[in-house]
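Visitor: sequence and predicted structure are below.
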Amino acid sequence: MTDDLTVSRGSHSLKMGMLFERTQSNATLSCVYGGQYYFDTLDDFFTARPAEFDSDMPGTDNVRGWRQSLFGFYFQDDFQARPNLTLNLGLRYEFTTVPTEAHGKIANFRNRLTDKAPTLGEPWYQGSYKDFGPRIGFSWDPKSNGKTAIRGGFGMYFDHLVAQPPQPRSQPHPSLQRDRPGSRGPRLRFLDWIRAC
């Protein structure tokens, strides 16, 4: 939801507004949804003799419901300082709430140097509420003839972590991995074989 207001008074054009976004992201974080078979050879594939099978551990709870809100507020004054010079001065304040999980299924290493086990429960991390971003800009017509404009500006911007299910670089939880005795590598994954066809 957004709302903006512009008011012009003499040589000032005042702009202000707000932004609100609510994120509700429900997802299943299965690493190998439904399992994954590996084969040593194409013959093993056709005879249904997998060398390895990977799957989530039975009973793994990998459903997550992430919740978070984003708030933003801004004020800007476009000021006609001279007939050939316009100044833009503004400030934006934006923050996100710390992500939560709808059913309290969050775990985190709060201190990576000293924690020997993850801490269960919220908060996932400590949020920042100091993200004030000033904006300043100008537009100058050096000859006052409307043919040349020199423009410049500066602003501080912040990138916020918006709740999305983490994409595991490896396996996010223990997996079941089973090798066939006597199997050898490299492995031919079923999906790799399908993509090659």
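Guide: Received it, and whenever you're ready, just let me know what you need.
Visitor: how far off centre is stretch 75-84?
Guide: 36 Å (C-alpha atoms, centre = their mean, to the nearest Å).
Visitor: buried ones in the longest strand along the chain?
Guide: Longest strand in the chain by number of residues (criterion: DSSP state E): strand 63-82. For strand 63-82, a neighbour-count test (16 or more other C-beta atoms under 10 Å) marks Arg64, Trp66, Arg67, Gln68, Ser69, Leu70, Gly72, Tyr74, Gln76, Asp77, Asp78, Phe79 as buried. Every C-beta, even on glycine, is put in place using the N, C-alpha and C of the backbone.
Visitor: contacts only, for the first one.
Guide: If I follow you right, that is Arg64. Shown in contact with Arg64 (C-beta atoms under 8 Å, 6 or more residues apart in numbering): Asn26, Ala27, Thr28, Leu29, Glu101, Ala102, Lys105, Pro165.
Visitor: can I assume the third one is in contact with Gly65?
Guide: No. In this structure, Thr28 is not within contact of Gly65 by C-beta atoms under 8 Å, at 10.7 Å.
Visitor: so where's this structure uncertain?
Guide: For the chain, the stretches flagged by pLDDT under 70 are 30-33, 124, 161-197.
Visitor: would you map the helices across it?
Guide: Under the criterion DSSP state H, the chain contains helices at 42-46, 190-196.
Visitor: for the first one, packing partners?
Guide: Under the contact definition 3 or more C-beta pairs under 8 Å, 6 or more residues apart in numbering; DSSP states H and E, helix 42-46 sits against strand 188-189, helix 190-196.
Visitor: to what extent is Leu14 buried, counted in neighbours?
Guide: Using other C-beta atoms under 10 Å, Leu14 has 15 neighbouring residues.
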